[in-house]
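Asker: Below are the sequence and a predicted model for it; my questions follow.
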Amino acid sequence: MTTLKVHDIESAPEGSKGLLENSQKSFGMIPGLHGVLAASPKILEAYQTLHKLFTETSFNNDELTVVWQAINVEHACHYCVPAHTGIAGMMKVDDTITEALRNETPLADAKLEALRTMTLTIVRNRGNVTQDDLDAFYAAGYGEQQVLEIILGLSQKVISNYTNHIAHTPVDAPFQGFAWSK
């Protein structure tokens, strides 16, 4: 099993210390993922920047959660699925949405299901989607902007999901009650 060090502010490289201090202020703790990413100040900065940018897209909290969790579940991320379950609760996302995503069952809301489907199509086909895929997504009420915003969210999730696979990042205490495996 591979593992990577989970840094704290003291052990982190100089370039990551301020970023970890920001994490501490934002979350009241340093998430384990941020501690692992701290070994490379640039990847930690990239992750935090992508997260901020993705939360500023046209997606509402339910839609952000659909994109994040669809990718987390598809990538079988032992760390991100529980973390985003807890985060979804903090974002006031309905538990039925979170449970459907965790269990890979269709979402009751047709528009959210179209978003989940397009997200998974992009992930599974590595961006090679058909015009029919796009047309179905557009028919649900989304547009080109949202296609590109899914890719932004995917960029963030590739950093976190792949890092957690390599690092075997321990699930943070506040999210351990949401443990998940595929």
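Answerer: Ah, there it is.

Asker: Tell me where the model's unsure across the protein.
Answerer: With pLDDT under 70 as the threshold, the chain has low-confidence stretches at 1-2.

Asker: Going by neighbour count, list what's buried in the top helix by length along it.
Answerer: The single longest helix within the chain, with elements called by DSSP state H, is helix 144-167. In terms of neighbour count (16 or more other Cβ atoms under 10 Å), helix 144-167 has its buried residues at 146-147, 149-150, 152-154, 156-157, 159-161, 163-164, 167. Bear in mind the C-beta positions are built from the backbone N, C-alpha and C, glycine included.

Asker: Tell me the one among those nearest to Ile71.
Answerer: For those, the residue nearest Ile71 by Cβ to Cβ is Lys157; the value is 4.2 Å.

Asker: Apart from its chain neighbours, what residue comes closest to that closest one?
Answerer: For Lys157, the nearest residue in space outside its immediate sequence neighbours is Ile71; the separation is 4.2 Å by Cβ to Cβ, 6 or more residues apart in numbering.

Asker: Quick one: neighbours of the one you found, just the number.
Answerer: Applying other Cβ atoms under 10 Å, we find 26 residues neighbouring Ile71.

Asker: What separation do you get for it and Pro174?
Answerer: Ile71 sits 21 Å away from Pro174 when distances are taken as Cβ to Cβ, to the nearest Å.

Asker: do Val73 as well
Answerer: Between Val73 and Pro174 the distance, using Cβ to Cβ, works out to 20 Å.

Asker: higher neighbour count, those two?
Answerer: For Val73 versus Pro174, neighbours defined as other Cβ under 10 Å are more numerous around Val73 (20 against 16).

Asker: in which helix or strand would I find the residue nearest to Lys157?
Answerer: Per DSSP states H and E, Ile71 falls inside helix 61-74.

Asker: I'd like to know which elements that helix is packed against.
Answerer: Counting contacts by 3 or more Cβ pairs under 8 Å, 6 or more residues apart in numbering; DSSP states H and E, helix 61-74 packs against helix 41-55, helix 80-90, helix 95-103, helix 110-124, helix 144-167.

Asker: Columns distance to Leu20 on top of those, output as JSON lines?
Answerer: Putting the helices and strands packed on helix 61-74 into JSON lines (distance: least, Cβ to Cβ, whole Å) gives the following:
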{"stretch": "helix 41-55", "distance to Leu20": "8"}
{"stretch": "helix 80-90", "distance to Leu20": "17"}
{"stretch": "helix 95-103", "distance to Leu20": "28"}
{"stretch": "helix 110-124", "distance to Leu20": "29"}
{"stretch": "helix 144-167", "distance to Leu20": "15"}
